[in-house]
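Student: got a sequence here, can you build the structure:
(chains A and B)
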Protein chains: 2
Amino acid sequence: MSLTEKIISGDKRLIARAISAVESARPDAIELLKEIFPHTGKALVIGITGAPGAGKSTLVDRLAAHYRSLDEKVGIIAVDPSSPFTGGAILGDRIRMQNMACDPGIFIRSMAARGHLGGLARATVDAVAILDAAGYNKVLVETVGVGQDEVDIVKAADVTVVVLVPGMGDDIQAIKAGIMEIGDVFTINKADREGVLRTERELESLLSISERRDGWKPPIVKTVATEDGGIDELAEAIRDYAAFSDSTRKPGDDRRASVAEYRIIEMLRDRLLKLALDRGVTGEELRDMARSVAERRRDPYSVVDEIISRLGINGQ
Amino acid sequence: MSLTEKIISGDKRLIARAISAVESARPDAIELLKEIFPHTGKALVIGITGAPGAGKSTLVDRLAAHYRSLDEKVGIIAVDPSSPFTGGAILGDRIRMQNMACDPGIFIRSMAARGHLGGLARATVDAVAILDAAGYNKVLVETVGVGQDEVDIVKAADVTVVVLVPGMGDDIQAIKAGIMEIGDVFTINKADREGVLRTERELESLLSISERRDGWKPPIVKTVATEDGGIDELAEAIRDYAAFSDSTRKPGDDRRASVAEYRIIEMLRDRLLKLALDRGVTGEELRDMARSVAERRRDPYSVVDEIISRLGINGQ
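Tutor: Below you'll find the model as predicted:
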């Protein structure tokens, strides 16, 4: 059996290895992704985003348990805030991973930006493709909903769930505005807390002033994830939107095509940078250049000009 | 007077225009940045980050007022969560801008990611360079402290202030861990609230287990920004770290050189993508390619191969 065949047959160890390969942008990962591509497009990819403290992890866990009870295979990708100097990833709840790892129908993985060549958004989309090809029916992608990277990740999902909680701080307005447009389904989690009605009313009025081009009215579902409250309703809302989106999809579909365009551009960006760092400049030269910029002996703009000119790009 | 001279003389209208040029990555912006580069390096760049709801905007405003009372010119760059589909920026408090805009010693500007060519981190660093050259003594860069882009932005500052508040949600632990390492000064804002002692103790214990390579012990300052409480102490802590950092700086300084290297790589990434989109593929072709990927007639990896091969990069 080839590596691709083993992944398609659901070999967890090889799936994990393949995700590591896309994460570190290894050249063999591209060949693998080309091979599995025809086997993708079957999973429903659900992006789940919201401010820190909204209880996303618990919600994702309960939603996964719901899908498992329907005998569906579930992949979970938790996109973690990264530690910029060490590149380490943090999973809020490691116990969670241990519990879930015992279930053969669940694959859970955390992803974090790793240094300059990060490409977190690109790597996450590639990891989703691997889980999709491996037969996971639902792929849940969980991100903290702030930062361009994470918005980009969520944009690539089939259904996006935005998680809010009652009575958050002053900046919530700004976050809301940033993620309002990407929410296909809204959840007010911790709905047993004070202020839930006010948050619901605020959200309704925000939603009422924004008209979506596809005509979809995003539902608001109240959940208490820690007690499994509202999870069935959330799953139903997700199913409703997926069905709506399927039924209104035309050939040359706008959203899918713009997601594909975005992916091409992200991949292009990563690949070009890698080429430049492989062929335009050595690590030692780059460090020297950086030192000369730090000491103001050179400006960074002409350094970049020099590296690009070495690549001999057509017409340059 | 040349454009560069006008910017150096502090012409606000032209400063604003120059920042717009770097934001949309206009080719003339690069020439301008090369010209102003020798005039940069004088400002103290202060990055201020923290979770949504921590009261960063108010803190930044009060800190700006403090510096104004010492007759220093202050630039403020508020990095906003962006609206992914419309590219619009939101400033939490527009009134704030109106009040401050009347003071000739303050320049305030919001920045947001704009579409594919975003490069928010790169654009923000360039905007800081413009304000620096224009004679702003302090440049305050305010971001919501989650997401790689924003961590990157903060890394480029001379001093980084991490803002916390008493009793935040469950995910705070994860955020803390992500931004702990970048904080030179910690502030517990809204310090008149319940739970301040617990947050302080937690923070102290987190700080006590992490040893910085430079030997600096990040101080914790308690503030009540809405009442101007603790602002002098915060300014003092910032000054202390800046002095410490100056006194321990050696030729070939690690932090400055790694910031410079990061800038070069970010600029390289943006410039290469722009070149590829200018010369490797037309907008129409790209849309066709994206459509064929969306309809699964082609895989995105070979599309990227094709665009790159058209650039005729050396050795490709």
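Student: find the nearest non-adjacent residue to A:Ile307, please.
Tutor: Closest residue to A:Ile307 apart from its sequence neighbours, by Cβ to Cβ, 6 or more residues apart in numbering or on different chains: A:Gly280 at 4.4 Å. The way it works is simple: take the backbone N, C-alpha and C, and place the C-beta from them, glycine included.
Student: how far away from the center of its chain is stretch A:255-269?
Tutor: Computed by Cα atoms, centre = their mean, to the nearest Å, the chain-centroid distance of stretch A:255-269 equals 14 Å.
Student: cool, stretch A:121-140 as well?
Tutor: For stretch A:121-140, the distance to the chain centre is 10 Å (Cα atoms, centre = their mean).
Student: and that stretch, what's buried?
Tutor: A:121-140 (16 or more other Cβ atoms under 10 Å in any protein chain shown).
Student: for A:Lys138, what are its contacts?
Tutor: Taking Cβ atoms under 8 Å, 6 or more residues apart in numbering or on different chains, we find A:Lys138 in contact with A:Ala43, A:Leu44, A:Ile46, A:Ala64, A:Tyr67, A:Glu72, A:Lys73, A:Val74, A:Gly75.
Student: which of these are buried, as a PyMOL select command?
Tutor: A single PyMOL command suffices to select whichever of the contacts of A:Lys138 are buried according to 16+ other Cβ under 10 Å:
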select buried, chain A and resi 43+44+46+64+67+73+74+75
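Student: before we move on, back to that, among the buried residues of stretch A:121-140, which ones are in strands?
Tutor: Among the buried residues of stretch A:121-140, DSSP state E puts A:Lys138, A:Val139, A:Leu140 in strands.
Student: reformat the residues you listed as JSON lines; add distance to B:Val221.
Tutor: What follows is those, written out as JSON lines (distance: Cβ to Cβ, whole Å):
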{"residue": "A:Lys138", "distance to B:Val221": "46"}
{"residue": "A:Val139", "distance to B:Val221": "44"}
{"residue": "A:Leu140", "distance to B:Val221": "40"}
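Student: could you dump the residues you listed into a markdown table and include pLDDT?
Tutor: Below are those laid out as a markdown table (pLDDT from 0 to 100):
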| residue | pLDDT |
| --- | --- |
| A:Lys138 | 97 |
| A:Val139 | 97 |
| A:Leu140 | 96 |
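Student: from the contacts of A:Lys138, which is closest to A:Leu207?
Tutor: Comparing the contacts of A:Lys138 against A:Leu207 with Cβ to Cβ places A:Ile46 closest, at 19.6 Å.
Student: the helix or strand encompassing the closest one: partners in the sheet, and parallel or antiparallel?
Tutor: Secondary structure from DSSP states H and E places A:Ile46 in strand A:44-50. Partners of strand A:44-50 in the sheet, by DSSP bridges, are strand A:138-144 (parallel), strand A:159-164 (parallel).
Student: show the average pLDDT along it.
Tutor: Across strand A:44-50, pLDDT averages out at 91.
Student: picking that back up, identify the residues contacting the residue nearest to A:Ile307.
Tutor: Contact analysis of A:Gly280 by Cβ under 8 Å, 6+ apart lists A:Ile307, A:Ile308, A:Arg310, A:Leu311.
Student: buried subset of these, written for PyMOL?
Tutor: Buried residues within the contacts of A:Gly280, by 16+ other Cβ under 10 Å, are selected in PyMOL with:
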select buried, chain A and resi 307+308+310+311
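Student: closest one of the contacts of A:Gly280 to chain B?
Tutor: Nearest to chain B among the contacts of A:Gly280: A:Leu311, at 5.0 Å, using Cβ to the nearest Cβ.
Student: contacting residues for that closest one?
Tutor: A:Leu275, A:Ala276, A:Arg279, A:Gly280, B:Ile313, B:Asn314.
Student: can you report how many residues lie near the first one?
Tutor: Right, the one you point to is A:Leu275. 18 (other Cβ atoms under 10 Å in any protein chain shown).
Student: just checking, it touches B:Asn314?
Tutor: No: applying Cβ atoms under 8 Å as the test, A:Leu275 and B:Asn314 come out as separate, 9.4 Å apart.
Student: what is the subsequent helix or strand relative to the lowest-mean-pLDDT helix or strand in chain A?
Tutor: Scoring the helices and strands of chain A by mean pLDDT, DSSP states H and E places helix A:172-180 at the bottom, with a mean of 53. As assigned by DSSP H and E, the chain's next helix or strand after helix A:172-180 is strand A:185-188.
Student: buried residues, whatever helix or strand comes next after that next one. List them.
Tutor: Of the helices and strands lying after strand A:185-188 in sequence (DSSP H and E), the nearest is helix A:196-209. By neighbour count with 16+ other Cβ under 10 Å, helix A:196-209 contains the buried residues A:Val196, A:Thr199, A:Glu200, A:Leu203, A:Leu207.
Student: identify, from those, the entry nearest to chain B.
Tutor: Ranked by distance to chain B (Cβ to the nearest Cβ), the buried residues of helix A:196-209 are led by A:Thr199 at 13.7 Å.
Student: how distant is the longest helix seen in chain A from the center of its chain?
Tutor: Longest helix of chain A, by residue count under DSSP state H: helix A:254-279. Averaged C-alpha coordinates place helix A:254-279 at 16 Å from its chain's average position (Cα atoms, centre = their mean).
Student: next, the angle from it to helix B:254-279.
Tutor: Interaxial angle, helix A:254-279 versus helix B:254-279 (axes from the mean of the first three to the mean of the last three Cα atoms, to 10 degrees): 120 degrees.
Student: helix A:254-279 - contacts with which helices or strands?
Tutor: Counting by 3 or more Cβ pairs under 8 Å, 6 or more residues apart in numbering or on different chains; DSSP states H and E, the packing neighbours recorded for helix A:254-279 are helix A:120-133, helix A:148-155, helix A:300-310, helix B:254-279, helix B:283-294, helix B:300-310.
Student: mean pLDDT lowest for which of the ones you listed?
Tutor: Note on the helices and strands packed on helix A:254-279: helix A:148-155 shows the lowest mean pLDDT, a mean of 68.
Student: which stretches of chain A aren't confidently modelled?
Tutor: Applying pLDDT under 70 to chain A flags residues A:52, A:80-101, A:113-118, A:144-151, A:168-180, A:250-253, A:315-316.
Student: and it, what are its domains?
Tutor: A:3-251, A:265-310 (automatic domain parsing).
Student: of those, which is nearest B:Val60?
Tutor: domain A:3-251 (12.5 Å).
Student: how far off centre is the closest one?
Tutor: Put simply, domain A:3-251 sits 6 Å off its chain's centre (Cα atoms, centre = their mean).
Student: of the buried residues of helix A:196-209, which is the nearest to B:Arg212?
Tutor: Nearest to B:Arg212, judged by Cβ to Cβ, of the buried residues of helix A:196-209 is A:Thr199 at 40.0 Å.
Student: contact partners for that closest one?
Tutor: A:Leu164, A:Val165, A:Pro166, A:Gly167, A:Met168, A:Ile188.
Student: much appreciated, bye for now.
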